[in-house]
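# This is a predicted model, with the sequence first.
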Amino acid sequence: MMAREFGNLAPQGPRITSAISRPLAHPAPLAISAALATAAPLASARTDGGLARAASTQGDGGADAGAPAADAAGGPDAGPAPGAGPGPDAGPGPGPDAGPAAGPGPDAAQPGSPAGAGGAAPPAGPPVNLLRVEVEPASRGHFPNVAGTGAGTHWVGAASTTAVRPFVRAVFDSPVAADDPRVAGLTWSGAGVTPDPGNALRAEVARTAGKRIVTASLGGASARTTLWSVFARINVTGGPAITPFASTALQGIPSGNVTFSATILPATVITDGDRPDLAGGNDTAPPGGVHWTGDALAGGADHHWDFSRKMRTRIVNPSGITMAALHGGGAHPGFIEFGAAQPIAYPATWEEGNDDRATGDENNDPYAAAMTSTDTPSMPADHSAGADGDTVEVRLHFREFVRLEINRRWWVISHHFPWRMHFRMRKAAGRWVDDGSDAATDNAGF
């Protein structure tokens, strides 16, 4: 399953890794389920959910992702990449997620006097002992428990400024009601932690990008856990730009290039010694079937982290030149295959990259180096096709994004960043020549 969650993210685009002009390397291949907490949120809690999106029939409106905020208890982090408008927030109900073990560890309750000892009111029964802090089951659909690299407990979700926030609860060695005098002294602490005024046993946790250590304390004992709201800021490092029009004896070849990097926030989700263990190869294939060339989209991810791309395309061909005439195939798929796939639309599944069939143009291992993505679209046209004065325009629109596989679900953790290339060609003196091709970081003029 897949889903999406983020808040105030910038739109991002897909990719047409055109097998037409260049062979693809085929190295190997994450969901943000927007489960809403069933417990009543605090009056201050946001439940408009512009972030959480599950794989569904929803459209591909602008992403709403988590604006980077505090990392641990520090100050605000840098804001997200250029923004797009908000999108709907929907998703499946909470998925099953086993809670952490109650065994000892750095997050287990630290010794202190028994709960209720020293309180103003006499205990209603035998003293209760604080065991641990954990994300409530109703919030685990979008903040599941992830095994860590150390002894701490970790819960990971997509950052958001608008989606429902997770709730945590204090767990004791025997059932206890929120109004039980034995837990009257329970306190909550941590950056971005808001105690529930209607239930002393639970607290709401902020969801903007950051690491948040949540601590419950009672009678000298304390327990803690860590929540990670993850966001990827997409940066354009080159282009998008149209490269010089190439011409061979057989073809006119429009092309372009673009490069991206991604900044993972909070940085400590990559660098901390005790962090969620999200390194290594992915456990499930990313969503989607096949690329327009026929290659499987399963080849588009090779780690839990993945740079991906959506695409939509349109061919403006006023003279009605056949696809077979424009490009007869050759060593790589051309206008025949591309034309047969028209029209290509952005996939409805938020996490699907329908222009992501291989990983040779990406770095998806943020533990080794910054995540990067490159694309060099091209669409050759045979000089033998058409007549002087004919024009053909190929409009390629993309949304670049980063997804993360968390416990076998793929989540979008960035904006969908838009970019485009419009290849315009005109037939002159028996050859195809450039006719004002352009590129930009938007999806205008489709």
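Happy to help now that I have it. Numbering: from 1, shown residues only.
# Quick check: Gly256 vs Glu400, distance?
Between Gly256 and Glu400 the distance is 14 Å, computed by Cβ to Cβ, to the nearest Å. Placement of C-beta: from N, CA and C, glycine included.
# out of the two, which sits in the busier spot?
Glu400 (32 against 23; other Cβ atoms under 10 Å).
# In what element of secondary structure is the more buried one found?
In this structure, Glu400 is located in strand 391-406 according to DSSP states H and E.
# Direction included, what does that strand pair up with?
strand 305-316 (antiparallel), strand 409-412 (antiparallel), strand 417-428 (antiparallel) (DSSP bridges).
# what's in contact with the following helix or strand past the last one?
What that stands for is strand 417-428. Sequence-wise, the next helix or strand downstream of strand 417-428 (DSSP H and E) is strand 431-434. Outside strand 431-434, the residues that touch it by Cβ atoms under 8 Å, 6 or more residues apart in numbering are 245, 247, 251-252, 254, 381, 383, 386, 392, 424-427.
# Now, of these, which are buried?
Among the contacts of strand 431-434, the ones that count as buried by 16 or more other Cβ atoms under 10 Å are Phe245, Gln251, Gly252, Pro254, Ala381, His383, Gly386, Val392, Arg424, Met425, Arg426, Lys427.
# Double-check that the fourth one belongs to a strand.
Yes: the assignment for Pro254 is a strand, going by DSSP: H, G, I helix; E, B strand; the rest coil.
# Quick one: neighbours of the residue lying closest to it once chain neighbours are set aside, just the number.
Counting by Cβ to Cβ, 6 or more residues apart in numbering, Phe423 is the residue found nearest to Pro254 once chain neighbours are left out, at 3.8 Å. By the measure other Cβ under 10 Å, the count of residues near Phe423 is 28.
# how near is Phe423 to Gly252?
Phe423 is 10 Å from Gly252, where distance means Cβ to Cβ.
# same deal with His291?
Distance of His291 to Gly252, given as Cβ to Cβ: 24 Å.
# Measure how far the strand holding Glu400 is from the centre of its chain, please.
15 Å (Cα atoms, centre = their mean, to the nearest Å).
# quick one, longest strand in this protein?
Criterion DSSP state E: the longest strand present in the chain is strand 221-247.
# Can you list the buried residues in that strand?
Under the neighbour-count criterion of 16+ other Cβ under 10 Å, strand 221-247 has 221-234, 236, 239-240, 242-243, 245 buried.
# quick one, what contacts Ala444?
Each residue near Ala444 by Cβ under 8 Å, 6+ apart is listed here: Arg420.
# Tell me where this protein has helices.
Taking DSSP state H as the test, the helices found in the chain are 268-271, 323-326, 335-340.
# Export those helices as CSV, with columns for mean pLDDT, mean neighbour count and distance to Glu204.
CSV is the format used below for the helices of the chain (pLDDT from 0 to 100; neighbours: other Cβ atoms under 10 Å; distance: least, Cβ to Cβ, whole Å):
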stretch, mean pLDDT, mean neighbour count, distance to Glu204
helix 268-271, 98, 17, 21
helix 323-326, 84, 18, 56
helix 335-340, 72, 19, 49
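# would a markdown table of the ones you listed with distance to Gly280 be doable?
Below are the helices of the chain laid out as a markdown table (distance: least, Cβ to Cβ, whole Å):
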| stretch | distance to Gly280 |
| --- | --- |
| helix 268-271 | 13 |
| helix 323-326 | 42 |
| helix 335-340 | 34 |
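# and Ile213, which of those is closest to it?
Closest approach to Ile213 among those (Cβ to Cβ): helix 268-271, 11.0 Å.
# Just give me the neighbour total for Ile422.
For the record, residue 422 is His, not Ile. Residues lying near His422 (other Cβ under 10 Å) number 22.
# OK, contacts around the nearest residue to it once chain neighbours are set aside?
Using Cβ to Cβ, 6+ apart and skipping the chain neighbours, the partner closest in space to His422 is Arg395 (5.1 Å). Arg395 makes contacts with Thr313, Arg314, Ile315, Val316, Arg420, His422, Gly445, Phe446, as judged by Cβ under 8 Å, 6+ apart.
# which residues does the third one bridge with?
Right, Ile315. Here Ile315, judged by DSSP bridges, has bridge partners Val394.
# OK, contacts around it?
Residues near Ile315 by Cβ under 8 Å, 6+ apart: Phe338, Gly339, Gln342, Val392, Glu393, Val394, Arg395.
# What's the separation between the residue nearest to the first one when sequence neighbours are not counted and Asp375?
The spatial neighbour of Phe338 that comes closest, neighbours along the chain excluded (Cβ to Cβ, 6+ apart), is Trp292 at 6.3 Å. Counting by Cβ to Cβ, the gap from Trp292 to Asp375 is 15 Å.
# okay, the two: which has more neighbours?
Asp375 (28 against 21).
# Identify the bridge partners of that one.
Residues in beta-bridge contact with Asp375 (DSSP bridges): Val258.
# where's the residue nearest to Phe338 relative to Arg312, distance?
Separation of Trp292 from Arg312 (Cβ to Cβ) stands at 11 Å.
# Same check on Ala370?
As judged by Cβ to Cβ, Ala370 and Arg312 stand 28 Å apart.
# And Ala387, by the same measure?
Separation of Ala387 from Arg312 (Cβ to Cβ): 29 Å.
# Show me which of these two is the more surrounded one.
Taking neighbours as other Cβ under 10 Å, Ala387 and Arg312 compare with Arg312 leading, 23 against 9.
# Make sure that one is actually in contact with Gln342.
No: Arg312 is beyond contact range of Gln342, at 10.4 Å (criterion: Cβ atoms under 8 Å).
# burial measure for Val131, as a count.
That one is not Val; residue 131 is Leu. Neighbours around Leu131, by other Cβ under 10 Å: 18.
# same check, this time on the one 3 residues further on
Using other Cβ under 10 Å, the number of residues around Glu134 comes to 22.
# Equivalent analysis for Ser319, please.
Neighbours around Ser319, by other Cβ under 10 Å: 12.
# List the contacts of the residue nearest to it when sequence neighbours are not counted.
Spatially, and ignoring its direct neighbours in sequence, Ser319 is nearest to Asp390 (4.4 Å; Cβ to Cβ, 6+ apart). Residues counted as contacts of Asp390 (Cβ under 8 Å, 6+ apart) are Pro318, Ser319, Ile321, Arg426, Lys427.
# what about 10 Å?
Asn317, Pro318, Ser319, Gly320, Ile321, Met425, Arg426, Lys427, Ala428, Trp432 (Cβ atoms under 10 Å, 6 or more residues apart in numbering).
# Ignoring the adjacent residues along the chain, who's closest to Ala385?
Computed as Cβ to Cβ, 6+ apart, the closest residue to Ala385 that is not its neighbour in sequence is Ala325, at 3.9 Å.
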